[in-house]
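# I would like to see how this sequence folds:
(one chain, ligands or ions: 2)
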Amino acid sequence: MKKIKISPSILSADFSQLGNEIKRLEEAGADMIHVDVMDGHFVPNLTIGPPVIKTLRKYSSIMFDVHLMISPVHKYIEAYSNAGADIITIHPEATENLESSILKIKDLNKKAGLSLNPETDINTIVDHLKNIDLVLIMSVNPGFGGQKFMPEVLEKIRKLKKIQEEKKYIFDIEIDGGINFENSKQAIEAGANILVSGTTIFKSNNGDIKKNIELLRSK
Ligand code: DX5
Ligand code: ZN
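Ligands and ions are numbered 1, 2, ... in the order given. Sure, this is the predicted structure:
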């Protein structure tokens, strides 16, 4: 079984202190930093773009796990790569040609991830599973932090895990949205090996991010 990794979402961090927040997360044991990029079009919220990510890159060498909730995504992939993303995750609905967007990410020597909204079926990406590094299962409708976990997506993780084992694929399974200390265990049991969390990491236990990262990691 793969080691459980924690990818804190900076969506819940103090935006006036983002550089220091990333340092703090690294010191607290985060395995990577989840950067939620929203365009006010693919999702009803706006966040940050490449210049901010580029500036943040100087604060840490930890992996940047960049979740692009933007459409059309293809023409922006290079900008996020240049800004310092290590993993670039896109939604299949956000590109006209999924294969060419995956190839673009791989050509830039980045890890390629595909994300499935709660209502999006695995069949949408099944042909690409052999070529990618990560599947990001959304356990809320993307757009905002602090939403309620949707347990029905666990079934999708179980199916994905089964395909992965049968075909000996190597992609990571990441879950994102509403993760807390209870459902984290269910997600890991279902087959997820990377947990994204914003609210739980930054707000639980009076914001003790080290403790919260450790609690999420422990089964
Ligand atoms: C939602 C984002 C998530 C979210 C996670 O669109 O992709 O990464 O910020 O935050 P919590 O843990 O608060 O649900
Ligand atoms: Zn995300």
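# who's in contact with the longest helix seen in the chain?
Counting residues, the longest helix found in the chain (DSSP state H) is helix 154-167. Under the criterion Cβ atoms under 8 Å, 6 or more residues apart in numbering, residues 116, 122, 126, 129-130, 135, 137, 169, 171, 173, 175, 186-187, 190-192 lie in contact with helix 154-167. For every residue, glycine as well, the C-beta is placed using N, CA and C.
# same thing but 10 Å
Contacts to helix 154-167, defined as Cβ atoms under 10 Å, 6 or more residues apart in numbering, come from residues 116, 118, 120-122, 125-126, 129-130, 135, 137-139, 169-175, 183, 186-193.
# can you tell me which of these are buried?
Burial by neighbour count, judged by 16 or more other Cβ atoms under 10 Å, picks out 116, 120, 125, 129, 135, 137-139, 171-175, 183, 187-188, 190-193 from the contacts of helix 154-167.
# and the residue of the chain found nearest ligand 2, which of the three is it?
Across the chain, the shortest distance to ligand 2 (Cβ to the ion) belongs to residue 67, at 3.8 Å. Assigned with DSSP: H, G, I helix; E, B strand; the rest coil, residue 67 falls in the strand class.
# and for it, the neighbour number?
Applying other Cβ atoms under 10 Å, we find 28 residues neighbouring residue 67.
# now, which of the contacts of helix 154-167 lie within helices?
Using DSSP H, 183, 186-190 are the members of the contacts of helix 154-167 that sit in helices.
# quick one: those as TSV, columns for distance to ligand 1 too.
Below are those laid out as TSV (distance: Cβ to the nearest ligand atom, whole Å):
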residue	distance to ligand 1
183	11
186	15
187	12
188	16
189	19
190	17
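# which residues of this structure lie near ligand 2?
Neighbours of ligand 2 within the chain, by Cβ under 5 Å from the ion: 36, 67, 176.
# element containing the closest residue to the last one other than its chain neighbours?
Using Cβ to Cβ, 6 or more residues apart in numbering and skipping residues adjacent in sequence, the residue nearest residue 176 is residue 196, 3.9 Å away. Assigned by DSSP states H and E, residue 196 belongs to strand 194-197.
# mind listing what's buried along whichever helix or strand comes after that strand?
Using DSSP H and E, the helix or strand that directly follows strand 194-197 along the chain is helix 199-203. For helix 199-203, the neighbour count (16+ other Cβ under 10 Å) marks 199-202 as buried.
# spatially, which residue comes closest to residue 187, not counting chain neighbours?
With Cβ to Cβ, 6+ apart as the criterion, residue 187 has its nearest non-adjacent residue at 4.7 Å, and that residue is residue 175.
# in strands, which of the buried ones among the contacts of helix 154-167 fall?
Using DSSP state E, the subset of the buried ones among the contacts of helix 154-167 located in strands is 116, 135, 137-138, 172-175.
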